[in-house]
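1. need coordinates for the following:
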Amino acid sequence: MSDSHNLRNVKRTVAYVYGPEYTEICDSLSKVPNRASMVHSLIEAYGLMKYMKVIKPQVASMEQMAAFHTGSYLEHLHKISQDGDNDDPQSSDFGLGYDCPVVEGIFDYAAAVGGATLTAAQSLLDGKCEVAINWAGGWHHAKKDEASGFCYVNDAVLGILKLREKYDRVLYIDVDLHHGDGVEDAFTFTSKVMTVSMHKFSPGFFPGTGDLTDTGLGKGRWYAVNVPLDDGIGDDKYFQVFTSVIQQVKALFNPEAIVMQLGADTIAGDPMCSFNMTPVGIGRCLQYVLEWELPTLLLGGGGYNLANTARCWAYLTGTILGQSLASEIPDHEFFTEYGPDYSLEISPSCRPDRNDAQQLERVISTIRGNLKNVV
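-> Here you go, the predicted model:
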């Protein structure tokens, strides 16, 4: 899988947020059980740890999370978390229940994830690294006063707010299958944070937002960029759309720091059955952004085929470090999950691409027209 021309001799300092307790608490998330361990074990098995500074994550305090979330939401999460109470009548007001089940310790999980992303952001502020990674983060749907789409804390927003302490303009790029609605909402009225989300947009698909016409409000008008896509898009077309938009975004917004959410639910073989990407395609998008050499915070996100998500993020870690990884999955604790082929590569499926070239051209030219309003 060596995209060798992309592996120019990269010498960037990379911080990797990791701690056994942190991984264990992330493993408990019912939607992606043990995913955090699978991702970390594969990165370790490929021998990538020695190229990174390992940083132990701090746990976020109530006060730190209140930089974005309301006190009433955090207090309620804390209260029900202690006894895993699923019957509290107030819970539904806070989005807790259906797709954000209440389990014992959910507050500790939220504080761990929020704290890990804050730790990563702080290491960028302190100049300890140029790139900081929290693969167990990227929970982009949570709103200030409600949980949404398996997201209990919006660590991406907390990370952006932390970077804003030093950097005037922060660019958020979201390549998850789903619209990064929580992050867009958080910054919809400001011109200091630009949000760019590439996602599946079709009737009935969660969260239902992220239309081409959603461009921010008030002072933030034109500072939200949405790239709605249809099923079946593959690496080449995706990269073409990505660079057409991101090139213009960089030129006009001129960011000083980047937060990128790299959800892996766009990958062929994901149970979402929507896009037809491979880690190589996502890696090319990531590489494009890393070449700007700006302080960059990288987060995970969706990814419900657990082995493919681990393949993807291990491959991306190699990309970040300029290391090409052997095709054979190395022997490690979760080796059996990678059968029947035990290889790092993921082949696209034969799903048809429903993205019409003319329609994509219209999307790109609309976005370019909108971006001309950015001052």
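2. mind listing the helices for the stretch 51-200 of the chain?
-> Applying DSSP state H, counting those that start in this stretch to the stretch 51-200 of the chain gives helices spanning 62-65, 71-83, 106-125, 155-163, 181-186.
3. okay, those, which one's buried deepest?
-> Of all these, helix 155-163 has the most neighbours on average by mean count of other CB atoms under 10 Å, namely a mean of 27. Just so you know, the C-beta spots here come from the backbone N, C-alpha and C atoms, and that holds for glycine as well.
4. helices and strands around that one, which ones?
-> Applying 3 or more CB pairs under 8 Å, 6 or more residues apart in numbering; DSSP states H and E, one finds that helix 155-163 contacts helix 106-125, strand 170-174, helix 181-186, strand 257-261, strand 296-299.
5. so which elements touch the fourth one?
-> If I follow you right, that is strand 257-261. By 3+ CB pairs under 8 Å, 6+ apart, strand 257-261 packs against helix 155-163, strand 170-174, helix 279-290, strand 296-299.
6. could you tell me the angle between the helix or strand that the shortest one is followed by and helix 279-290?
-> Helices and strands here follow DSSP states H and E; after strand 296-299, the next one along the chain is helix 306-321. Relative orientation of helix 306-321 versus helix 279-290 (axes from the mean of the first three to the mean of the last three CA atoms, to 10 degrees): 40 degrees.
7. after helix 306-321, which helix or strand is next? Please name it.
-> Helices and strands here follow DSSP H and E; after helix 306-321, the next one along the chain is helix 357-371.
8. please state the offset of that following helix from the chain centre?
-> Distance of helix 357-371 from the chain centroid (CA atoms, centre = their mean, to the nearest Å) equals 24 Å.
9. same question, stretch 335-342
-> Chain-centre distance of stretch 335-342: 25 Å, with CA atoms, centre = their mean.
10. how long is it end to end?
-> The straight-line separation of the ends of stretch 335-342 (CA to CA, to the nearest Å) is 8 Å.
11. quick check: buried residues in it?
-> Using 16 or more other CB atoms under 10 Å as the test for burial, stretch 335-342 gives 337-338.
12. quick check: longest strand in the protein by residues?
-> For the chain, the longest strand by residue count, based on DSSP state E, is strand 193-200.
13. quick check, central residue of the protein?
-> Centroid check for the chain by CA atoms, centre = their mean gives Gln261 as the closest residue, at 2.3 Å.
14. pretty sure that residue sits against Leu177.
-> No: when contacts are counted by CB atoms under 8 Å, Gln261 is not listed as touching Leu177 (11.1 Å).
15. in this protein, what spans have low per-residue confidence?
-> Counting by pLDDT under 70, the chain has low-confidence residues at 1-10.
16. what residues are up against the nearest residue to Lys166 once chain neighbours are set aside?
-> Spatially, and ignoring its direct neighbours in sequence, Lys166 is nearest to Leu125 (5.2 Å; CB to CB, 6 or more residues apart in numbering). Shown in contact with Leu125 (CB atoms under 8 Å, 6 or more residues apart in numbering): 162-163, 165-166.
17. related to what we said a few turns ago, take the helices of the stretch 51-200 of the chain and write them to TSV, including distance to Thr366.
-> Formatted as TSV, the helices of the stretch 51-200 of the chain follow (distance: least, CB to CB, whole Å):
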stretch	distance to Thr366
helix 62-65	36
helix 71-83	35
helix 106-125	32
helix 155-163	25
helix 181-186	17
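18. can you pull the contacts of the residue lying closest to Asp353 once chain neighbours are set aside?
-> Of all residues not flanking Asp353 in the chain, Gly232 sits nearest, at 3.9 Å (CB to CB, 6+ apart). Listed by CB under 8 Å, 6+ apart, the contact set of Gly232 reads 274-276, 351-355.
19. sec struct for the closest residue to Gly301 other than its chain neighbours, please.
-> Excluding the flanking residues, the one nearest Gly301 by CB to CB, 6+ apart is Gly263, at 2.9 Å. At Gly263, secondary structure determined by DSSP: H, G, I helix; E, B strand; the rest coil is coil.
20. right, and Gly263 touches Leu298 too?
-> No: counting by CB under 8 Å, Gly263 stays clear of Leu298, with 11.6 Å between them.
21. tell me, what's touching the two both at once?
-> The overlap between the contact sets of Gly263 and Leu298 (CB under 8 Å, 6+ apart) is empty.
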